[in-house]
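Q: Sequence first, then the predicted structure:
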Amino acid sequence: MNAIESSGMNGSALRARVEGGKTPEMTGWYLKSETGPLRDVLLGPADTFGWLGEANAEYSSLVRDSLRRGYRFDRELALRQHGEMVSAYEDAGVRCHFLPGDTATEMQVFARDSSFMTPYGAVICQLANPRRRGEYASVLRFYMDNGIPIYDMVSAGNFEGGDFNMIRPGAALVGYTDHRSEGVAARQVADWFTAEGWEIKFAPIDPFYVHIDLMVCMLNEDCAAVCLETTEDDVVAWLREKKIEIIPATYEETMTLGCNVVALGNDRILSTLAASDLNARMRAAGFRVYDPDMTQFTRAGGGVHCMCQPLRRDPA
């Protein structure tokens, strides 16, 4: 049964997913891979960004580690660094869209967590941190206001967008830690896409590593950055079975979000200044690398891939 419920706003739909599969792909927007030339990207607001305090550090091992090391939030530096990232996108010909700021959701700058895009529309996620669950409202309004259909909304438990990792059109890694993303919700999401004919590879990971996109990020349709020290052997084997070349990221850089990069298309990559070893490897492989300093964000637990939600890409 087709369960489309019209929102009445610019042709968007509150639920576009067709039960049992065969959901029509979007026509006004296009996104079937993580590697085609990026045209439009959704970013979170920098002006309301702040680090969750000591009492909430248990929700991110990376925030907890930064606080333990004595790092503290610098708002002016964060705004400058965010501006450098936006400039890199614009230099690459990408149109940036921004979620409206909300002082009640200071971690909304990590726009990958609250939703993820598919060929059929956006999936609205359910965040693990109670202080972040309200982020669904801004992303839902954005998609509705811009005529982007809502494929569906995660309801089985916690699931965050960094654990849905498109590898090729019709094939995805679905990660879960049973904290930020739970196995029951990962299976709900996987079932939707299996019904659409997708190949899904589950990637259970330790909660310390947060999301699968901290360890595996596609660079182009045939190449990925992968932390071999933290990625399970069966996931690495699955990638290699697909003839995907692996550029290794070190454990040290992965733990500072160095492997959490964005493919801009046409062998261009958005990385960060701190990922010097991976950046050198990517450049040696022929990639053009943008590398702004993003420490105010990586020390808060998210990299540039966590901060973006691709909306439109040309075919890879």
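A: Perfect, thanks for sending it. This is a predicted model, so every value here is computed, not measured. Numbering: from 1, shown residues only.
Q: Please list all residues in contact with residue 266.
A: By Cβ atoms under 8 Å, 6 or more residues apart in numbering, residue 266 lies in contact with residue 37. Any C-beta I mention is one placed from the backbone N, CA and C, and that applies to glycine too.
Q: how close does it get to residue 94?
A: 12 Å (Cβ to Cβ, to the nearest Å).
Q: ditto for residue 85
A: 11 Å.
Q: quick one, what contacts residue 162?
A: 112, 113, 175, 180, 210, 211, 212, 213, 214, 305, 306.
Q: Residue 114 too?
A: Contacts of residue 114 (Cβ under 8 Å, 6+ apart): 108, 124, 125, 127, 132, 135, 136, 138, 139, 160, 161.
Q: Could you check the pLDDT of it?
A: With respect to pLDDT, residue 114 scores 97.
Q: Begin at 10 from now on, thanks
A: Yep, numbering from 10; the last one is residue 123 now.
Q: pretty sure residue 122 is in a helix, no?
A: Yes: under DSSP: H, G, I helix; E, B strand; the rest coil, residue 122 falls within a helix.
Q: Report how many residues lie close to the closest residue to it other than its chain neighbours.
A: Leaving aside its sequence neighbours, residue 122 sits nearest to residue 169 (Cβ to Cβ, 6 or more residues apart in numbering; 4.5 Å). When neighbours are counted by other Cβ atoms under 10 Å, residue 169 registers 31.
Q: Can you check the pLDDT for residue 12?
A: Confidence for residue 12, expressed as pLDDT, is 34.
Q: If you could redo that for residue 217, that was the one I meant.
A: At residue 217, pLDDT is 85.
Q: The one 10 residues further on now?
A: According to the model's per-residue confidence, residue 227 sits at a pLDDT of 98.
Q: I figured it hits residue 43, correct?
A: Yes: counting by Cβ atoms under 8 Å, residue 227 touches residue 43, with 4.6 Å between them.
Q: so who does the residue nearest to residue 122 touch?
A: 121, 122, 123, 134, 136, 137, 189, 190, 220.
Q: Quick check: the gap between it and residue 307.
A: 17 Å.
Q: Tell me where the stretch 60-209 of the chain has strands.
A: Remark: strands assigned in the stretch 60-209 of the chain by DSSP state E, counting those that start in this stretch are 104-107, 124-127, 130-133, 159-162, 173-177, 180-185, 208-213.
Q: what's the nearest residue to residue 125 if we skip its chain neighbours?
A: With Cβ to Cβ, 6+ apart, the residue lying closest to residue 125 is residue 170, at 3.6 Å.
Q: Mind giving me the packing neighbours of the longest helix anywhere in the chain?
A: Counting by DSSP state H, the longest helix found in the chain is helix 84-100. Applying 3 or more Cβ pairs under 8 Å, 6 or more residues apart in numbering; DSSP states H and E, one finds that helix 84-100 makes contact with strand 47-52, strand 104-107, strand 277-279, helix 304-307.
Q: Could you tell me which residues within that helix count as buried?
A: Of the residues in helix 84-100, 87, 90, 91, 94, 95, 97, 98 count as buried by neighbour count, 16 or more other Cβ atoms under 10 Å.
Q: Mind telling me the two of those residues farthest from one another?
A: Among the buried residues of helix 84-100, the pair separated by the greatest distance (Cβ to Cβ) is 87 and 98, at 16.9 Å.
Q: nearest spatial neighbour of residue 53, skipping sequence neighbours?
A: Spatially, and ignoring its direct neighbours in sequence, residue 53 is nearest to residue 118 (3.7 Å; Cβ to Cβ, 6+ apart).
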